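K.L.:
Here is a sequence with its predicted model. Questions after.
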Amino acid sequence: MADAEEKGPSKRALEKAKKKAEKLAKKAEHKSELAIRPKEPTKQAGPSAPVNMFSEGWLKGVYEEKPVKAVRTRFPPEPNGFLHIGHCKAIAVNFGFAKHYGGVCFLRYDDTNPEKEEEIYFTSILDIVRWLGFEPFQVTHSSDSFDRLYELAEEMIRRDKAYMCYCNKEEINRQRGGPDNRGPRYACEHRTRPTEESLTEFRAMRDGKYKPGEAFLRMKQSLTDLKEGNPQMWDLPAYRIIERDHHKTGGKWRIYPTYDFTHCLCDAFEDISHSLCTTEFRQSRVSYDWLLEQLDMKVPVSEEKGPMQREYGRLNVNGTILSKRRIQMLVQGTTVGDKTIPPAVRDWDDPRLYTLVGLRRRGIPAQAMLQFVEELGVTVGESAIQIARFEASIRKHLERTVPRQMLVLEPIKVIIEDATDEDEIEITVPYDPKGAIPGERKVKVGKEVYIDRNDFREEDSADYFRLAPDKAVGLYNVPFAIRAVSYSKSDDGKAFEIKAVKALNEKPKAFIQWVDVATAVPVTARQYNSLFKSASPNELDWKNGGWADDLNPSSEVIFEGAVIERGVKDLLKSRSLHPSGSSDDLVRFQALRTAYFCADVKDSTEDKIVLNQIVTLREDKSK
Ligand SMILES: Nc1ncnc2c1ncn2[C@@H]1O[C@H](COP(=O)(O)OP(=O)(O)OP(=O)(O)O)[C@@H](O)[C@H]1O
Ligand SMILES: NC(=O)CC[C@H](N)C(=O)O
């Protein structure tokens, strides 16, 4: 043992330790305050936007390549579905990068395909960006620039860099080297037509001369120049016919620009400096730069103006489904042949899904989501994360930020026969026994308490430490333990009521949670497990409905008759339950010995609180 420890710490050392402890406590208090209080979104980014991932590593390199004064980024989702956990990374990267370098980030709806876009997605996307604590500098739409894009398409034709083409899909595939793209590539006859003719035909296409698929505007890139070539340069479509009204421009257009024509130009219109996207767009970078060059809009990376596209690795989570089309099957059910598969979840925000609306509803804090992305870091490599890793990260955050409560999922009544009026006391219990989370609540100790059915056994054994006939167990924070003396059974053969006495001089081996019968608050608690039995649901048969056979029947376990200590009402009072779920002001707590829970914003009513399990208290290694 070290000298100092043997003698005990000196006065100076004690003083120093005290100061350090005070400082740490203050810091912890401040942090947890921030975590449980509703956040005031600031103009550009949230209070805990990741920091290290910008000042170190790959993103630092991206900035150093183009170290402009006015950093401008954009988050450009297609409004054709709800965002998922992967998008959290894209939001954190784009908004966080701008914030870190003192710039601004746009939310740009990439709305160039009216067949798939719906109002509900627009609203939900902005709502989620704000939930994560970010405020867009401006909310824009690719469609805001439809007129300008059209003018530039005509300009491309005039410059002989685009042509009207009437080839069908099969023919285009043949021109690109056949099914495996290995055959010879060749240009079609339309490529060399006079520009005047293309211009007239483009206008005719705009004015409704053709039906969808009959004609399109094609960029004149480099179909045959290079031996291997980049498929992104094989004369990509710039405009196609979609006979649908657009949610912004109504019936004005029947032709719409493609992603490849739109994205780089909109980046340039918005003066985006760093256009950050995922690595599947790596090859598109060539066509991105090419198009800007054709229109004299390309600026060298070394200059202040002009967009620079760089690509980072996607975030994938194993063990769940992220594809929009597949989630849609889970939400709406599907029909395969004459077999009808009913929906597997209630909606897009079902807490079992990894959509961001689902994760929010389950109770995952926005800050924890951002911290998770920060922990993973940003590189060009894809991150394929196991759900267990995600949950461990969330658990770490909750451990430090949410109060404790006593919840009993399957209550069984215990009558403490020798308890007197003096034993009926009110005790003050801190929200966190370790003191990291400020606050306390009053807990009533009565003559009758509920304990969990799982904490009682009719047959005792030497390796069992909870309640059993003639065995004592401690009740958290109650000054005495209790010993069971008898129990009665209901018609179904299950223990119904336990009679117990105080075990005053016994030191119990275990402590359990409990709830006072007189003041118990009834709740419905929903426990969540994975949606599929298989650990790799993406590999299931999604074509023929085989996925339905792999659904886990216990993905949601509902405890209708659960009870919780009355203190939950104080927690609820201090926050309001927003039916829209648009706020991060949710009531979350750690139910001792049970799991982390959150009050459900949609299903809770004045009369009945519904709880969602956020995560378990520890990882279940058996899964
Ligand atoms: N898994 C992911 N990880 C990181 N970023 C992503 C991920 N999925 C999409 N993004 C990024 O989010 C932005 C907006 O994406 P958008 O919704 O248009 O993408 P998507 O590829 O259609 O998504 P989905 O996975 O639903 O098909 C893009 O910049 C895209 O690169
Ligand atoms: N460059 C990008 O970020 C791509 C955004 C585009 N909305 C897409 O995912 O298709």
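P.N.:
Yep, it's here. Numbering: from 1, shown residues only. Ligands and ions are numbered 1, 2, ... in the order given.
K.L.:
Quick one: the helices in the stretch 151-300 of the chain, in order.
P.N.:
169-175, 195-206, 259-269, 284-294 (DSSP state H, counting those that start in this stretch).
K.L.:
Apologies, that question was intended for the stretch 501-623 of the chain.
P.N.:
567-574.
K.L.:
Residue of it closest to ligand 2, please.
P.N.:
As assessed by CB to the nearest ligand atom, ligand 2 sits closest to residue 538 within the stretch 501-623 of the chain, at 19.0 Å. Where you see a C-beta, it was placed from the backbone N, CA and C, and this is true even at glycine.
K.L.:
okay but that residue is in contact with residue 321, surely?
P.N.:
Yes. Residue 538 is in contact with residue 321 according to CB atoms under 8 Å; the separation is 6.7 Å.
K.L.:
out of those two, which sits in the busier spot?
P.N.:
residue 321 (23 against 16; other CB atoms under 10 Å).
K.L.:
Do the helix or strand containing residue 384 and ligand 1 come into contact?
P.N.:
Per DSSP states H and E, residue 384 falls inside strand 383-386. No. Strand 383-386 does not reach ligand 1 (CB under 6 Å from any ligand atom); its nearest approach is 8.3 Å.
K.L.:
tell me what that strand is packed against?
P.N.:
strand 315-318 (3 or more CB pairs under 8 Å, 6 or more residues apart in numbering; DSSP states H and E).
K.L.:
related to what we said a few turns ago, distance check, the residue of the stretch 501-623 of the chain closest to ligand 2 against ligand 1.
P.N.:
12 Å (CB to the nearest ligand atom, to the nearest Å).
K.L.:
now swap in residue 148 and tell me
P.N.:
21 Å.
K.L.:
OK, contacts around the residue nearest to residue 564 when sequence neighbours are not counted?
P.N.:
Spatial nearest neighbour of residue 564, excluding adjacent residues (CB to CB, 6 or more residues apart in numbering): residue 407 at 4.6 Å. By CB atoms under 8 Å, 6 or more residues apart in numbering, the contact list for residue 407 reads 513, 515, 523, 525, 562-565, 591-592, 594, 597, 611.
K.L.:
can you rerun that using 6 Å?
P.N.:
Residue 407 sits next to 564, 591, 594 when contact means CB atoms under 6 Å, 6 or more residues apart in numbering.
K.L.:
Among the residues you listed, the buried ones, what's the ChimeraX command?
P.N.:
Per 16 or more other CB atoms under 10 Å, the buried members of the contacts of residue 407 correspond to this ChimeraX selection:
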select :564,591,594
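K.L.:
Can I get the contacts of residue 407 in CSV including pLDDT and distance to ligand 2?
P.N.:
Shown next, in CSV, are the contacts of residue 407 (pLDDT from 0 to 100; distance: CB to the nearest ligand atom, whole Å):
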residue, pLDDT, distance to ligand 2
564, 98, 43
591, 97, 39
594, 98, 40
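K.L.:
Beta-bridge partners for the residue of the stretch 201-350 of the chain found nearest ligand 2, please?
P.N.:
At 3.1 Å from ligand 2, residue 277 is the closest residue in the stretch 201-350 of the chain, using CB to the nearest ligand atom. Note on residue 277: beta-bridge partners residue 311, judged by DSSP bridges.
K.L.:
how many neighbours does it have?
P.N.:
Residue 277 has 22 nearby residues by other CB under 10 Å.
K.L.:
That one and residue 285: what is the separation?
P.N.:
Look at residue 277 and residue 285: by CB to CB, to the nearest Å, they are 9 Å apart.
K.L.:
near ligand 1, which residues of this protein show up?
P.N.:
So far as CB under 6 Å from any ligand atom goes, the chain lies against ligand 1 at 76-78, 81, 86-87, 89-90, 110, 277-278, 314-316, 322, 324.
K.L.:
swap the cut-off to 8 Å and go again
P.N.:
75-78, 80-81, 83-91, 93-94, 110, 276-278, 280-281, 312-316, 322-324 (CB under 8 Å from any ligand atom).
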